[in-house]
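> Structure, please.
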Amino acid sequence: MKRLLGFIILISIAIVVLVFTVKNAGDVTFNFYMGSVSIPLSLLLAITLACGALLGVLASLTVVLRTKQELRKARKQARMKIQEIENLRAIPFQDKS
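From the prediction side, this is the model:
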């Protein structure tokens, strides 16, 4: 059921992209510092979307890596605390009466 739903969503997205591409088939001139190039509007928008997604991933990468490092440190501390508790339990109880 989950695979079927995923497949239907994928087909729906493909149809929307296809309709978008057909409706925006006109060429636009993309100007940049070194020159200009004439490409279809839909391709330019797709490239812009991909560049934005890449920049978003790169921007969040530092946060993700920092969080993973903190998690690694917390797990190490937790293992050390557990080992310390096990060592304290192994020490015989001495009553000074």
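> Could you use CA atoms for every contact and neighbour count after this?
Noted.
> Show me the shaky parts of this structure.
Residues of the chain meeting the criterion pLDDT under 70: 95-97.
> and the residue nearest in space to the middle of it, helix, strand or coil?
Nearest to the geometric centre of the chain sits Val57, at 5.8 Å (C-alpha atoms, centre = their mean). State at Val57, reduced to three classes by DSSP: H, G, I helix; E, B strand; the rest coil: helix.
> what's the distance between it and Val64?
In this view, Val57 and Val64 are 10 Å apart by C-alpha to C-alpha, to the nearest Å.
> list residues touching both of the two?
Residues touching both Val57 and Val64 (C-alpha atoms under 8 Å, 6 or more residues apart in numbering): none.
> Ile39 in helix, strand or coil?
Assigned with three-state DSSP, Ile39 falls in the strand class.
> roughly how far apart are the residue nearest to the centre of the chain and Leu65?
From Val57 across to Leu65, the span is 12 Å (C-alpha to C-alpha).
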